[in-house]
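> no sequence on this one, just coordinates:
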């Protein structure tokens, strides 16, 4: 889990790349800016968010996903 906390910021670019490839093959849209816009929007929604929580020992960062 510590490794995931160090590299969670890589998930957003990976999701964007995957969504661009999927949208290009499935929807066959010729305009690249439409594919990129949809992919960035989906990746932003599905990427993890860092939330800082105050506890008695101090603040702690937690990584939250959309469905977890």
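In hand now; what should we look at? Small disclaimer: the values here were computed from a predicted structure and weren't measured. Numbers count the residues shown, from 1 in each chain.

> all the helices of the protein, in order from the start?
With DSSP state H applied, the chain shows helices at 2-7, 11-27, 32-46, listed in chain order.

> residues contacting the closest residue to residue 62 other than its chain neighbours?
If you skip the residues right next to it in sequence, residue 62 has residue 51 as its closest partner in space, 5.1 Å away by Cβ to Cβ, 6 or more residues apart in numbering. Glycine gets a C-beta too; all of them are placed from N, C-alpha and C. For residue 51, the contacting residues are 61-64, taking Cβ atoms under 8 Å, 6 or more residues apart in numbering as the criterion.

> so which of these is surrounded by the most neighbours?
With neighbours taken as other Cβ atoms under 10 Å, the top of the contacts of residue 51 is residue 63, carrying 14 neighbours.

> residue 55: neighbour count?
Counted with other Cβ under 10 Å, residues neighbouring residue 55 total 7.

> return the set of residues that bridge with it.
The residues paired with residue 55 through beta bridges, assigned by DSSP bridges, are residue 58.
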